[in-house]
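J.: what's the 3D shape of this:
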Amino acid sequence: MGKILNELLEDMKKENIDNIHEQVMEFSKKIFEEEDCHMKYNDLHPDGPNHILTLETKGVLKKEIGFLTLERDIGDIYVVVHRTIFEPNIKHLKDIEPLPYRINKKWEIDENESMKIIKEFAKIYKYLEGK
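T.: From the prediction side, this is the model:
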């Protein structure tokens, strides 16, 4: 993933994209394109106006599905949130709005560079996946 992100950062420099939020959005879009084919529950991803990137992860419990989201908070503060939903109830939950996610953990990313924000997200993702 690092090579792709470095290439993307170079492209953004050439295009004069210097706004941190725009850079984070571009990185997130590229990561999602790469990871989308590995996701099993696209229709259950948590959604919100400030959600930038969502990847599936392991749940905390054995029969849970996890979702890791990168979200923009007030200003240029970014947070990573790990949510889970109980897998056996999925068939019954598709008609319920909003879905009953459980927030397990929330990390604030105290960085002011887009690459560092994405690296922190990736580090948390790898930790949750046990890598």
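
J.: which residues of the chain fall in helices?
T.: With DSSP state H, the ranges of helices along the chain come out as 2-14, 20-35, 90-93, 114-129.

J.: Pull out the buried positions in the second one.
T.: In this case it means helix 20-35. Neighbour-count burial for helix 20-35, counted by 16 or more other CB atoms under 10 Å, picks out 20, 23, 24, 25, 26, 27, 28, 30, 31. To be clear about C-beta, it is placed using only N, CA and C from the backbone, and glycine gets the same treatment.

J.: measure the closest residue to the first one other than its chain neighbours to residue 24 for me?
T.: For residue 20, the nearest residue in space outside its immediate sequence neighbours is residue 114; the separation is 5.2 Å by CB to CB, 6 or more residues apart in numbering. Residue 114 sits at a distance of 5 Å from residue 24 (criterion: CB to CB, to the nearest Å).

J.: so what's residue 50 up against?
T.: Counting by CB atoms under 8 Å, 6 or more residues apart in numbering, residue 50 touches 71, 72, 73.

J.: and these, which are buried?
T.: So, by 16+ other CB under 10 Å, the buried ones in the contacts of residue 50 are 71, 72.

J.: Mind checking which of the contacts of residue 50 land in strands?
T.: If you go by DSSP state E, the contacts of residue 50 have 71, 72 in strands.

J.: ok, so what distance separates residue 109 from residue 63?
T.: Relative to residue 63, residue 109 is positioned 30 Å away (CB to CB).

J.: neighbour count winner among those two?
T.: Neighbours were counted for residue 109 and for residue 63 using other CB atoms under 10 Å; residue 109 has more, 21 against 10.

J.: what number of residues lie near the residue nearest to residue 20?
T.: Counted by other CB under 10 Å, the residues lying close to residue 114 total 25.

J.: check contacts around the residue lying closest to residue 86 once chain neighbours are set aside.
T.: Nearest residue to residue 86 in three dimensions, chain neighbours excluded: residue 64, at 5.8 Å (CB to CB, 6+ apart). For residue 64, the contacting residues are 58, 84, 85, 86, 87, by CB under 8 Å, 6+ apart.

J.: Give me the buried subset of those.
T.: By 16+ other CB under 10 Å, these give 84, 85, 87 as buried.

J.: ok, now which ones touch the first one?
T.: It refers to residue 84. Counted by CB under 8 Å, 6+ apart, residue 84 has contacts 59, 60, 61, 64, 65, 66, 67, 101, 102, 104.
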